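Peer 1: Here you go, sequence then predicted model.
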Amino acid sequence: MNQDAMKKQAAEAALNYVEGGVIGVGTGSTVNHFIDALATVKSRIEGAVSSSEASSVRLAAHGIPVFDLNAVGALSLYVDGADETNAQFQLIKGGGGALTREKIVAAASQKFVCIGDETKLVKVLGAFPLPVEVIPMARSYVARELVKLGGTPIWREGFVTDNGNVILDVRHLEITDPIQMEQQINNLAGVVTVGIFALRPADVLILGTPDGAKTVDKG
């Protein structure tokens, strides 16, 4: 079974958590499968809050209303993918560049269901380059500070986030204390947010495998 098929398995399994109201929907290839599956049960929900313009377009194409988070308040559910997850459901996200909006929607949601294929589960975060969204004028300063933390930041040239900012992808980090590193990088002047989701990790992890979707629930 290929990686895309495993992502689709996980995405379809996440429908078990869709119970009504307005839900949060993330961004990325696995989430695209979830949006397509959500369209088959869209009568269950009032609509969605999206973490990116791309997901908003896909939701709208399926006839699913898209709301501004400010208009709906707290969300019961958020479904999104990850670039990496550890056994504590702490994540690296932002490969698609939507990390800031993803982090906001995750923070506003009571339950965060993370979907992906089994290759996303790692012992230590950091093999996937860590995205950091930065105010453009702070790019060089923040890059120098990230070098001091042991990373090698690479400017994602030609890419602008939905918020009008730039991304630094930080390689060569071994993130043994995700909470501490999330706080440390977030405290750098000019950083909008870092793609470590440890202060608000996932609550449920669904991984597609050759033997079917496997679900682990913390609670």
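Peer 2: Right, received. Where do you want to start?
Peer 1: Looking at strand pairing, list the partners for residue 191.
Peer 2: The partner list for residue 191 in beta bridges (DSSP bridges) reads residue 134.
Peer 1: Surely residue 171 is in contact with residue 151?
Peer 2: Yes. Assessed by Cβ atoms under 8 Å, residue 171 is found in contact with residue 151 at 6.6 Å. Where C-beta positions appear, they are placed from N, C-alpha and C, glycine not excepted.
Peer 1: ok, those two, which is more surrounded?
Peer 2: Set residue 171 next to residue 151 and count neighbours by other Cβ atoms under 10 Å: residue 151 wins out with 24 against 13.
Peer 1: and residue 1, what is it in contact with?
Peer 2: Neighbour list for residue 1: residue 210 [criterion: Cβ atoms under 8 Å, 6 or more residues apart in numbering].
Peer 1: re earlier: if I look at residue 171 and residue 151, which residues touch both of them?
Peer 2: Joint contacts of residue 171 and residue 151 (Cβ under 8 Å, 6+ apart) are residue 130.
Peer 1: Phi and psi next, for residue 129.
Peer 2: phi -60, psi 130 (degrees, to the nearest 10).
Peer 1: That one and residue 167 touch, don't they?
Peer 2: No. Counting by Cβ under 8 Å, residue 129 does not reach residue 167; the two are 9.8 Å apart.
Peer 1: Compare the two (neighbour count), which wins?
Peer 2: Neighbour count, other Cβ under 10 Å: between residue 129 and residue 167, residue 167 has more, with 26 against 23.
Peer 1: in the sheet, who's paired with the residue lying closest to residue 24 once chain neighbours are set aside?
Peer 2: The shortest distance from residue 24 to any non-neighbouring residue, by Cβ to Cβ, 6 or more residues apart in numbering, is to residue 78 (3.5 Å). With DSSP bridges applied, the residues forming beta bridges to residue 78 are residue 24, residue 112.
Peer 1: Kindly tell me how buried residue 78 is, as a neighbour count.
Peer 2: 27.
Peer 1: same deal with residue 217?
Peer 2: Neighbours around residue 217, by other Cβ under 10 Å: 12.
Peer 1: So residue 16 lies in a helix, does it not?
Peer 2: Yes. Counting by DSSP: H, G, I helix; E, B strand; the rest coil, residue 16 is found in a helix.
Peer 1: Okay, it and residue 189: tell me how far apart.
Peer 2: According to Cβ to Cβ, to the nearest Å, residue 16 stands 43 Å off from residue 189.
Peer 1: Show me where this protein has its helices.
Peer 2: If DSSP state H is used as the criterion, the helices of the chain fall at 3-13, 29-38, 53-61, 69-72, 99-107, 139-148, 178-186.
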